[in-house]
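Participant: Using only what follows, build the 3D model:
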Amino acid sequence: MTVADLLDRAKTLGVTIATAESCTGGMVMAALTDIPGSSAVIDRGFITYTNAAKRDMLGVRKATLDAHGAVSEEVAREMAEGALDFSQATLSVAITGIAGPGGSEFKPEGRVCFALAGEGFDTETQTVEFGAPGRDAVRRAAREHALVLLDRGLSLIASKSGN
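Facilitator: Predicted coordinates for the structure are as follows:
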């Protein structure tokens with residue numbers, strides 16, 4: 001699947017896309033908008049690097065951040081659902097993680113949490129451990145994984161609509 005294929009499929013299904021990104025800093029949205037004609041399906045991208053931005057722009061609850069930390073499936077879920085709530089999109093992906101360098105024993109470098117939210121299906125979350133190949137490699141891998149998740153979201157929407 002290429003990004004162009006993903007966008008064509010979204011257009012065929014009448015799906016609009018939003019992203020909520022932290023550690024990737026807009027790389028997913030850049031990959032999507034690099035394709036001419038992407039404006040037919042791309043609504044907006046939220047870059048919420050700080051906890052305050054996650055709260056202010058996406059409605060992530062302070063209680064969730066306090067209980068689980070920014071790098072958690074719980075926060076990724078609220079980011080993805082907030083991206084839908086604060087946009088005109090029908091499909092969103094969220095990314096929050098530790099690209100490095102750094103991390104801790106409990107949240108190591110290379111841990112990235114994702115969420116996929118869309119109309120007609122329950123929000124899905126997952127954590128991927130990319131290891132510590134370096135900041136750039138983790139961010140690129142997270143971007144590619146998010147694109148795969150968007151493709152999955154299109155499949156979920158298509159199956160619900162019978163397409």
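Participant: how distant is whichever helix in the chain runs longest from the center of its chain?
Facilitator: Scanning the chain for the helix with the most residues, using DSSP state H, yields helix 135-161. Mean C-alpha position of helix 135-161 versus that of the full chain (Cα atoms, centre = their mean, to the nearest Å) differs by 8 Å.
Participant: Output the contacting helices and strands for that helix.
Facilitator: Helix 135-161 is packed against helix 3-13, strand 17-21, helix 27-33, strand 91-97, strand 111-118, strand 121-129, with contacts defined by 3 or more Cβ pairs under 8 Å, 6 or more residues apart in numbering; DSSP states H and E. Yep, even glycine has a C-beta here, placed from its N, CA and C like the rest.
Participant: can you list those in CSV and add mean neighbour count and distance to Ser72?
Facilitator: Converted to CSV, those look like this (neighbours: other Cβ atoms under 10 Å; distance: least, Cβ to Cβ, whole Å):
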stretch, mean neighbour count, distance to Ser72
helix 3-13, 17, 27
strand 17-21, 28, 14
helix 27-33, 20, 19
strand 91-97, 30, 7
strand 111-118, 26, 6
strand 121-129, 14, 8
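Participant: how about the helix or strand harbouring Ala80 as CSV, C-alpha atoms only?
Facilitator: Per DSSP states H and E: Ala80 is located in helix 73-85. The C-alpha coordinates for helix 73-85 follow below in CSV (Å, rounded to 0.1, in the frame of the first residue of the first chain):
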residue,chain,number,x,y,z
GLU,A,73,-2.5,3.7,25.3
GLU,A,74,-5.1,5.5,27.5
VAL,A,75,-3.7,8.9,26.3
ALA,A,76,-3.4,7.7,22.7
ARG,A,77,-7.1,6.7,22.8
GLU,A,78,-8.2,10.1,24.1
MET,A,79,-6.0,11.8,21.5
ALA,A,80,-7.5,9.9,18.6
GLU,A,81,-11.0,10.4,19.9
GLY,A,82,-10.3,14.1,20.5
ALA,A,83,-9.0,14.4,17.0
LEU,A,84,-12.4,13.2,15.7
ASP,A,85,-14.3,15.5,18.2
